[in-house]
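Undergrad: Predicted structure and sequence below. I'll ask about it afterward.
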Amino acid sequence: MTSESSGAGSIWQRTLAALAEAPEPRLVPRLIHHGSRLVLLAATAVAIFALFPAPRLPDTAVLERGVVAPNDVIAEFSFSIPKTPDQLLREQVEAASGIPPVYDQAPAMRDSVLREVRGFFESVDSITAAPVPAPAKEEALRDFLGRSRIAPTPTAVTALSDVQDRVVLRASIEGAIVASYGQGIAPGTIGQGASAILIRTPSGAERLTPRDSLITAERLFRAAADRLPDDAARLAELQRLILIRFFKPSLIFNESETEAARERARRAVDPVRSTVLRGEKIVGAHERIGEDEEVRLQAYETQLSRRGIGDAADQRTWIRSLGAILFNMLVLGIFGALIYFYRRLIYRDVRALLLLTALTVAVAGASALIARLALPTELIPVTFAALIVAVLWDGRIGLCLTLVLALLIGGQTPFLGITAPFTMALGGAAAAFSVGVVERRSKTWIFISLIALAYIASAVTVGLMLSRPFEEMAIAAGWGITNAIVASLFAIGFLPLLESFTGITTDQTLLELSDLNGKLLKRLSLEAPGTYAHTVNVANLAEAACRAIRANGLLARVGAYYHDIGKLVKPQYFIENQPRGRNPHDKLRPAMSSTIIRGHVLEGLKLAEAEHIPEIVRDFIPEHHGTQQVVFFYNRAREQDPNGHINPADFSYAGPKPQSKETAVLMLADAVESAARALPDPTPLRIRELVHRLVSQKISDGQLDQSPLTLREIDLVQESLSSVLTGMYHHRIDYPAPVAQPDPVAHPEPAAQVEPEVVAETSISERR
């Protein structure tokens, strides 16, 4: 995410030396200070033990597929090997699918269908027997068929109007219903794919009937059609329509009984795969562990974790628990010692320690859940913790936390072996290192890709070591890629909240503040264009100088952008914003001018605080002036009142002096940029002499005494400032004006040569 977070330029590392030199608290506060951190360490160790309460197993049981067993593993007691969840589920599904669906026979359906068929024909008889003309009968019959949802085709109307055809049709339909319904009529969706069904009669008798032997609606239609005489075949279509209209199956699906029978079948499946007897060899010495041996070992490990080792398990449980807690404390103590000796600022920050503790417990909690749900170890979210720590502090701390978490989680019972710690270490390391590659959140996909590649490499490496099939390696790589995507997105989402909690300003926030279209910077460009131009130049100088000494160039640039925003309040009182020939200070007393000049610091702090600019950026506003004196107006005051008492404090900035490398560099860049503008002939030699003189003045005045800059770094800063200023103010070639052709009418004067305005260096730099 940033190229600035590592090395001596880290935001956190920039004040580490000063804090390390701070005096230690007295004895009692010191005991409270360190004791509270030891309590936090112990509480974290106990919390992790609560997540993984099982005692650790002997090393001989820590074997994985593809590894050669160094010794015989003999069962100390009999135990069962359960089937895997997938295997048990598959067998239960097979058992349930073998249970035929249950159907209840309903004899009353025959009487219901017969009653409706007879009612239909009686209605037709009434219509045809009515004493009305034939056309009226046909019209009434068509209307009745329509209301009965039977298509009133001419063939149907003719057949039903004929008494003989009507008698034949009714006899064939009723005969087929009486003959077929006695055996039971099945619905169209009979059996739900089963080869047979179980039919239960009202008396409670049951019979298993093959699907092919069932009478369906289609067989009923064919049986009725067979009852038609040969000369009445034309009535077959009308007969089918009437049967379809009044058809009702007499076999009713009993869902509750079917599901109960299938559930009994599922429960009847034996969950035990096999049984190992006491004294039986689980795996032999120098034998390669395959799939069966791995299953037996895992079952043995589970039983060991429940029983303990040997007959004295109850007495030794508390000893093993104590050892587990001590294991957690010592592993976490490695990281605690690291931040105590090499990252004292983190050690002293309670919020930082709470965040690190929360991340550790979160990873351990997720790992425990993954173990209980038998999910892949590639889903352990160590990458989330590594990304958060690497962004807030630096990649080294993120890497150290990753390795400690890999050792910690890899030492818990469910993750004993090489797969979990190796996968965590590789994925977390990629997350910690990738932070230094990506500079913007918009390029998140880059470090997601890097983390995903690390998980792919881990899956392939472990797969080859343990002789896993390609399918397993591909699945493990897929889970790792999923972890990379989800953990990265979660880390990006939580970062603003964690920045606010810890008070840390990451380079991601600095990049957002460096947008020149931001509210304050946009106002500066419109209301104080001279200050804005000066700000941009100083930002370029400060960033280049910080990079030369491996300080945080991005922080210096952002600090330079905001260091003079206080001039927005009264921009006309600063020389870079004044039009030529106008200076409002000419009408003011020196003391008032000094107050206005020095007031831009307080105004800048107010504006920055109102816009929620981070404190680390606000520090540039007062520190870039330090405790310097506004010499120009101080000398003017002495000239106007030689015998009066003038308080030097009225002409000095309140400070503080620069406390970091970045603010010290900005003080120097600010001074040399302003002075360089006044050079009449900015040759490289004159620029170098100017830079050296101004830097020497700051040193002799003691302005750099509280900054961590070394003499070697000050030399490098001078070289960088001279180089960049030379490029900014290099001599340009004077192109001669084109020779004008003589005009017989007008004879213009030659172009006037304008000499550059010479302004005293001290007045330029001080009247800002």
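TA: Right, received. Where do you want to start?

Undergrad: So, low pLDDT: which residues of the stretch 51-200 of the chain?
TA: 54-66, 191-193 (pLDDT under 70).

Undergrad: Strands of that one, residue ranges please.
TA: Along the stretch 51-200 of the chain, the stretches classed as strands by DSSP state E, counting those that start in this stretch are 73-74, 79-82, 102-105, 196-200.

Undergrad: which secondary structure elements does the shortest one contact?
TA: Translated: strand 73-74. When contacts are defined as 3 or more CB pairs under 8 Å, 6 or more residues apart in numbering; DSSP states H and E, strand 73-74 sits against strand 281-283. (Glycine included, C-beta is placed from N, CA and C.)

Undergrad: residues in contact with the strand it packs on?
TA: The contact list for strand 281-283 (CB atoms under 8 Å, 6 or more residues apart in numbering) reads L63, A69, D72, V73, I74, A75, V276, I289, E293, R296, L297, Y300.

Undergrad: Kindly reformat the strands of the stretch 51-200 of the chain as CSV containing mean neighbour count and distance to K281.
TA: Compiled in CSV, those are given as follows (neighbours: other CB atoms under 10 Å; distance: least, CB to CB, whole Å):
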stretch, mean neighbour count, distance to K281
strand 73-74, 18, 6
strand 79-82, 18, 14
strand 102-105, 20, 49
strand 196-200, 19, 47
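
Undergrad: Can you say which of these is nearest to N635?
TA: strand 73-74 (91.4 Å; CB to CB).

Undergrad: so how far is the closest one off the chain centroid?
TA: 44 Å (CA atoms, centre = their mean, to the nearest Å).

Undergrad: Repeat that for stretch 717-734.
TA: 46 Å.

Undergrad: Please tell me how far V276 sits from I74.
TA: 10 Å (CB to CB, to the nearest Å).

Undergrad: again, but for L322
TA: 28 Å.

Undergrad: Leaving out chain neighbours, which residue sits closest to D125?
TA: Excluding its sequence neighbours, the residue lying closest to D125 (CB to CB, 6 or more residues apart in numbering) is R166, at 7.4 Å.

Undergrad: pLDDT below threshold where in the stretch 501-650 of the chain?
TA: Short version for the stretch 501-650 of the chain, where the test is pLDDT under 70: 581, 644.

Undergrad: repeat that for 80
TA: 507-508, 577-583, 586-587, 634, 640-646 (pLDDT under 80).

Undergrad: Okay, helices next: where are they in it?
TA: With DSSP state H, counting those that start in this stretch as the criterion, the stretch 501-650 of the chain has helices at 507-513, 519-527, 529-548, 553-562, 590-610, 615-618, 620-623, 631-640.

Undergrad: ok, and which of those helices has the densest surroundings?
TA: helix 553-562 (a mean of 27; mean count of other CB atoms under 10 Å).

Undergrad: contacts for that helix?
TA: 2, 4, 9, 11, 507, 510-511, 513-514, 516, 520-521, 535-536, 538-547, 604, 608, 613, 616-621, 624, 662-663, 665-666, 669-670.

Undergrad: other SSEs contacting the helix or strand hosting L297?
TA: Element membership for L297 (DSSP states H and E) is helix 291-307. Applying 3+ CB pairs under 8 Å, 6+ apart, one finds that helix 291-307 makes contact with strand 79-82, strand 272-276, strand 281-283.

Undergrad: redo that, cut-off 6 Å
TA: For helix 291-307, the packing partners by 3 or more CB pairs under 6 Å, 6 or more residues apart in numbering; DSSP states H and E come out as strand 79-82, strand 281-283.

Undergrad: quick one on the thing from earlier: which single one of the contacts of strand 281-283 is nearest to V363?
TA: L63 (25.5 Å).

Undergrad: Pull up the gap between I492 and V391, please.
TA: 9 Å.

Undergrad: and what of L332?
TA: Separation of L332 from V391 (CB to CB) stands at 22 Å.

Undergrad: Give me the pLDDT for the residue nearest to I370 when sequence neighbours are not counted.
TA: Among residues not flanking I370 along the chain, L379 sits closest, at 5.6 Å (CB to CB, 6+ apart). In this model, L379 is scored at 94, pLDDT.

Undergrad: what residues are up against L379?
TA: I370, W479, N483 (CB atoms under 6 Å, 6 or more residues apart in numbering).

Undergrad: Distance-wise, check the last one relative to V717.
TA: Put plainly, it is N483. Distance from N483 to V717, by CB to CB: 44 Å.
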